[in-house]
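Novice: Okay, here's the prediction I keep looking at, along with the sequence it came from:
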Amino acid sequence: MTTRDRLLAVLVAVVWGLNFPAIHLSLAQFPPFLLVALRFALLAVPTLLLVPRPSAPWRWVLLYGAGFGVLQFVFLYLAMDSGMPTGLASLVLQSSAPFTVVLAAALLRERITPRQGAGVLVAVVGLSGIAVHRAGLDGGATLLPVVLTLCGGLGWALGNLGNRLAVQAAPGEPLRLMLWMSVVPPVPLLVLSLAVEGPERIGAAFDGLTEPRGLLALAGLAFTVLVATVGGSGIWTTLMGRNPSSVVAPFSMLVPVVGIASSWLLLREPTAPAELAWGALVVAGVLVASLRRQPPAPGPTGPTGTTGTTSAVAIAATPSPRPVSPRPSVVVAETVTGAPAAADSADSASARR
């Protein structure tokens, strides 16, 4: 991996970490369900008009959009609107990694190595420690936002599976799939917003947009859509396309670090030492699960000296794997922070985001 690519990977992690304070600013003006609908509508409209449809089956695109776009952000935004600290949200959302590995093993029959199992277990212990700590605060009232954020991580993991299946069916279309995924959430989320938040609250959200709070909310929404989603995901997709996923993916572990630090610096939001300690355990577990041995020298059976083993690496935010060889192979789930991506095999290159 070149120095330039490493700097770009760090830049993406910083952008994604700053995305959480941006969401916090937007939630000060817009109710959570409406905000998610607006976030994806701003991507869906130009996508429908300008971007060709992907060739993947619609069932996988719908699963990708429903998990990543609807479930993840409905629960995440609701958690933050219910009092989930911004920095802590960026950390607890890393639960998508162990969720992805477990679901991939159960539903896609991907094999979990002992190292990955140990890493996932360590990450789960860290997440459990955070939950127990929050349960002891304010009579347990602060536990619900943590549970909602964990549900967001589970939704993300489901979206990761849809993403993986969609990209396997339509190799070479990662950015197109990411954009068309955004077509799924707006309508159901707008209906949900009308039913739960009501027309009166929706209308009130558009009042005062020229005032400081409204301008900050719009700036946060623009950052989330243009910088974090389009810019960050586009760069990450490029990096994953020209570097091994196991080299690029660990940079996503900087996201909660930036999220916690930026929330403290910009929002004056402290994080309890106990939560930082448990959070470090989560990061350590995910990193342990993501490490893998260097492949052996080329052998007679293929470039890796094996019969064509692939590996799925869970990556943060909007991951999507590169094409996987259609012939039978053993898939090994490797997790970092989110979605599974296919790594190098005898007939396929490494994953991209």
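Specialist: The structure has been received and is ready for your questions.
Novice: so what secondary structure elements neighbour the helix ranked longest in the chain?
Specialist: As assigned by DSSP state H, the longest helix anywhere in the chain is helix 143-169. Applying 3 or more C-beta pairs under 8 Å, 6 or more residues apart in numbering; DSSP states H and E, one finds that helix 143-169 contacts helix 58-64, helix 72-81, helix 86-92, helix 96-107, helix 114-135, helix 174-181. For the C-beta atoms, the positions are set from N, CA and C on the backbone; glycine is no exception.
Novice: Phi first, then psi, for Pro52.
Specialist: Dihedral pair for Pro52: phi -60, psi 150, per degrees, to the nearest 10.
Novice: my read: it touches Leu175, true?
Specialist: No: counting by C-beta atoms under 8 Å, Pro52 stays clear of Leu175, with 11.3 Å between them.
Novice: residue contacts, Gly17?
Specialist: Shown in contact with Gly17 (C-beta atoms under 8 Å, 6 or more residues apart in numbering): Ser90, Leu254, Val255, Pro256, Val257, Val258, Gly259, Ala261, Ser262.
Novice: In helices only, show me those residues.
Specialist: Ser90, Leu254, Val255, Pro256, Val257, Val258, Gly259, Ala261, Ser262.
Novice: Closest one of these to Val283?
Specialist: Pro256 (6.8 Å; C-beta to C-beta).
Novice: Excluding chain neighbours, what is closest to the closest one?
Specialist: Distances taken as C-beta to C-beta, 6 or more residues apart in numbering put Leu91 closest to Pro256, at 4.0 Å, once the chain neighbours are dropped.
Novice: That neighbour and Ser82, how far apart?
Specialist: 17 Å (C-beta to C-beta, to the nearest Å).
Novice: now Leu137
Specialist: Taking C-beta to C-beta, one finds Leu137 at 14 Å from Ser82.
Novice: Any chance you could give me whichever strand or helix holds Leu190 in CSV, C-alpha atoms only?
Specialist: Under the criterion of DSSP states H and E, Leu190 resides in helix 186-196. Output of helix 186-196 as CSV, limited to C-alpha atoms (Å, rounded to 0.1, in the frame of the first residue of the first chain):
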residue,chain,number,x,y,z
PRO,A,186,-36.7,7.3,1.4
VAL,A,187,-40.3,6.2,0.8
PRO,A,188,-40.6,3.7,3.8
LEU,A,189,-38.8,6.2,6.1
LEU,A,190,-41.0,9.1,5.0
VAL,A,191,-44.1,6.9,5.7
LEU,A,192,-42.6,6.0,9.1
SER,A,193,-41.9,9.7,9.8
LEU,A,194,-45.5,10.7,9.0
ALA,A,195,-46.9,7.9,11.1
VAL,A,196,-44.7,8.3,14.2
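Novice: Show me what it is packed against.
Specialist: On a contact count with 3+ C-beta pairs under 8 Å, 6+ apart, helix 186-196 meets helix 32-50.
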